[in-house]
Structures are given as structure tokens and as C-alpha cells.
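K.L.:
Sharing a sequence plus its predicted fold:
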Amino acid sequence: MVQKHAVVDGSNIATEGRSEPSLAQLNEAVASFDQDHAFSLITVIVDASFEHRIAKSERDAARDAIDNNTIITPPAGVIGRGDTFILEVANRVDAVVLSNDSFQEFHGTYDWLFDEGRLIGGKPVPGIGWIFVPRLPVRGPVSRKATRSSQKVDKVVEEVVEEVVEEVNADPKPEQPKAARRGRKAAAEKKPEAKAARPAKKPAKKSGGGRRDDGNGAK
């Protein structure tokens, strides 16, 4: 079964078990990872300094891979080096991340790192090859600080939202825009004037205002 998108922390995997990164090791790891998991798409991201840290014999190949977008580098001057870029790409496409890094400073921002299956680690085992296993980020002082900072921001946002809701509920008849008021005024001016009320009719006079004649001359 073809799985979803994967993002490879190239600089981390290329340096696993080494003091300096190796393009050959990175290529081997990505090929083995793809064979084991059959991802629909694998995006490899390395630090901007990657091509300058690898062996001189690999630099031309690395430059070609970067120019062809086989390997991606983050924008120059990005905060957090390549880690920020890696996690944002993975966040956008809901991707699995291949890295042995715990990304502690981002635990408050990308809590999905602790979701099962979202982070995979890998190591080359002599005589066997690359072994990949699901892992969870390691927590530490940096992680706890990042999480506290994120919680404070969430609390402030929640309080602001509550205040806005209270203000809206406290004014059941909010003032309507001027344009709406002008529209109602214009509509009222166009209504036909009410017809003038007709004067009330005078009551009819009664006939024979005197006493009735009984035929005897008496009144």
C-alpha cells in the first residue's frame, strides 16, 4: 500500500554516525526508506550549508541535485535553520518526518510530532543496511520552555476571544452601519403620504322638535 508524503531531514540523516554529512549516505538512506515504505512522494530537505560541509568529491552532485529540486534547501536567513522549513512543509502536507532529531524548540508549535507514526528514526547497521523505526521526540528543558510559551499565547488568545464575545452579547442591538440607516431613511421618504382624514358628518336634525299633537289641541 502506497503511504502518504514523507519529508526527510537530509542534513540529520546524512550525518548519522558521522562527524560530517555524506551525500552518498543520504542517497542510500532515502532509497532504502522509499523501498521499505513505498511513499507516494519523498521530499529531501538539507541545510543551506550542506553542500559546503560534504566531501569535495560530492559537491558537484549535490549542486546538481539542488538545482534540479531533488534536494531542497530552505530560504536564506530562515529562522531555526532548516528545522523550521522541514516542519512547516510536513505540517502543510500532513507528512511523516524522517529524522533522528527531536525538534525540542518546536514542541509547542507542532504538537503533532507526538502523534503515532509522524516521526521515524533511522540508522545504518553494518552488514544489514538501514533500519527505520517509529519514534517519539525526546522532551527536555528546551521542550518544556517551548510548550509553556505556546500555552501562554493560547491563553491570551482565548481571553481576547472571550472578551469579544462578552461585548457582543452585552449589546443586543448593535448600531447598524450608516449606509443601512441612509437606506431606511430614503425608503421612508418614498412612502405615499397618508390621505387626509375626512371631516366627521354632522348628525341629522330630528323632525318635530315640539310636543306631539294629540288631536285635542293640547300640547
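P.N.:
It's in.
K.L.:
Could you pull up the residues touching S11?
P.N.:
P21, V46, D47, F50, G82 (C-beta atoms under 8 Å, 6 or more residues apart in numbering). Yep, even glycine has a C-beta here, placed from its N, CA and C like the rest.
K.L.:
cool, and I13?
P.N.:
By C-beta under 8 Å, 6+ apart, the contact list for I13 reads Q25, L26, A29, V30, L98, S99, N100, G122.
K.L.:
rerun at 10 Å
P.N.:
By C-beta atoms under 10 Å, 6 or more residues apart in numbering, the contact set of I13 is 21-22, 25-26, 28-30, 33, 44, 46, 98-101, 121-124, 130.
K.L.:
Now, of the residues you listed, which are buried?
P.N.:
21-22, 25-26, 28-30, 33, 44, 46, 98-101, 121-122, 124, 130 (16 or more other C-beta atoms under 10 Å).
K.L.:
Which stretches in the protein count as strands?
P.N.:
6-9, 42-45, 71-72, 96-98, 119-125, 129-134 (DSSP state E).
K.L.:
The fifth one vs strand 129-134, what angle?
P.N.:
By that I understand strand 119-125. With axes from the mean of the first three to the mean of the last three C-alpha atoms, to 10 degrees defining the directions, strand 119-125 sits at 160 degrees from strand 129-134.
K.L.:
Could you say which one of the strands of the chain comes nearest to G17?
P.N.:
With respect to G17, and counting by C-beta to C-beta, the nearest of the strands of the chain is strand 119-125 at 6.4 Å.
K.L.:
Mind giving me the packing neighbours of the closest one?
P.N.:
In terms of contacts (3 or more C-beta pairs under 10 Å, 6 or more residues apart in numbering; DSSP states H and E), strand 119-125 is packed against strand 6-9, helix 10-15, helix 23-37, strand 96-98, strand 129-134.
K.L.:
Any chance of the ones you listed in a markdown table with mean pLDDT as columns?
P.N.:
Below are the helices and strands packed on strand 119-125 laid out as a markdown table (pLDDT from 0 to 100):
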| stretch | mean pLDDT |
| --- | --- |
| strand 6-9 | 98 |
| helix 10-15 | 97 |
| helix 23-37 | 96 |
| strand 96-98 | 98 |
| strand 129-134 | 97 |
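K.L.:
To what extent is R18 buried, counted in neighbours?
P.N.:
10 (other C-beta atoms under 10 Å).
K.L.:
Touching, it and Q25? I think so.
P.N.:
Yes - between R18 and Q25 a contact is recorded at 7.0 Å, counting by C-beta atoms under 10 Å.
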